[in-house]
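S.K.: could you work out the structure for the sequence below:
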Amino acid sequence: MPYRVLLVCTGNTCRSPMAEAILSDLLKSRAGAFEISSAGLFAPEGGEANDRAVEVMREEGLDLSEHRTRRLTRDLVERADLILVMERSQRAWIKARHPGAAEKTFTIAEYAWPGEDEDIGDPIGGDLDEYRKTAAKLRRALEQVAEKLAAGPVPGGPGQETGPSV
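M.R.: I've put the predicted structure just below:
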């Protein structure tokens, strides 16, 4: 059974779809070992990724054109082995509504670099350069996340100790 990583932001149009594409790409050599997906706390169902997010990912050779937004549900939270959010407030929101997910929910920065807890700001409304900066921040953090996940045992996985450090 693949290890399920869920990336979460607010609307599932910018950050979490970019993070999903980047992390999927970073872990593509381990196809089948991981299931990477994304959702938004307040996402409308079936919307498209933001045009600027699509463009920036295209510049990196990744395709968001088929992405469709989805709202975070109890089922998604329960099925995920690891939930990575963009902001501390999103982590608090999930933990308040899904207390059982507290030990598997982290900000991306917190998981990538234990002891750090920096938010990855929302580029919505920004220009292409703002989206590029966001994508670069995501890539730096997700490279660390991918290393940890690929190294195994996977933190928070069945029978494994939960936590951001490996």
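S.K.: packing partners for the longest helix anywhere in the chain?
M.R.: In the chain, assigned by DSSP state H, the helix with the most residues is helix 128-151. With contacts taken as 3 or more CB pairs under 8 Å, 6 or more residues apart in numbering; DSSP states H and E, helix 128-151 sits against helix 15-26, helix 51-59, helix 108-112. (C-beta placed from N, C-alpha, C; glycine too.)
S.K.: now the longest one: how far from the chain's centre is it?
M.R.: Centroid separation for helix 15-26 versus its chain: 7 Å, with CA atoms, centre = their mean, to the nearest Å.
S.K.: so which of the helices and strands packed on helix 128-151 is the most packed in?
M.R.: helix 15-26 (a mean of 26; mean count of other CB atoms under 10 Å).
S.K.: tell me the angle of that one relative to helix 128-151?
M.R.: Angular relation of helix 15-26 and helix 128-151 on a 0 to 180 degree scale: 50 degrees, by axes from the mean of the first three to the mean of the last three CA atoms, to 10 degrees.
S.K.: averaged pLDDT, the next helix or strand after helix 15-26. What do you get?
M.R.: Downstream of helix 15-26, the next assigned helix or strand under DSSP states H and E is strand 34-40. In this model, strand 34-40 has a mean pLDDT of 97.
S.K.: just stretch 117-136 next, same as before
M.R.: 96.
S.K.: could you tell me the end-to-end distance of that stretch?
M.R.: 17 Å (CA to CA, to the nearest Å).
S.K.: how about low-confidence regions in this structure?
M.R.: 153-166 (pLDDT under 70).
S.K.: is it true that Ala146 touches Ala19?
M.R.: No. Between Ala146 and Ala19 there is no contact under CB atoms under 8 Å: 11.2 Å.
S.K.: now for the helices and strands packed on helix 128-151, which one comes closest to Glu130?
M.R.: Nearest to Glu130 among the helices and strands packed on helix 128-151 is helix 51-59 (8.0 Å), distances taken as CB to CB.
S.K.: and the closest one, what does it pack against?
M.R.: If contacts are counted by 3+ CB pairs under 8 Å, 6+ apart, helix 51-59 sits against helix 15-26, helix 128-151.
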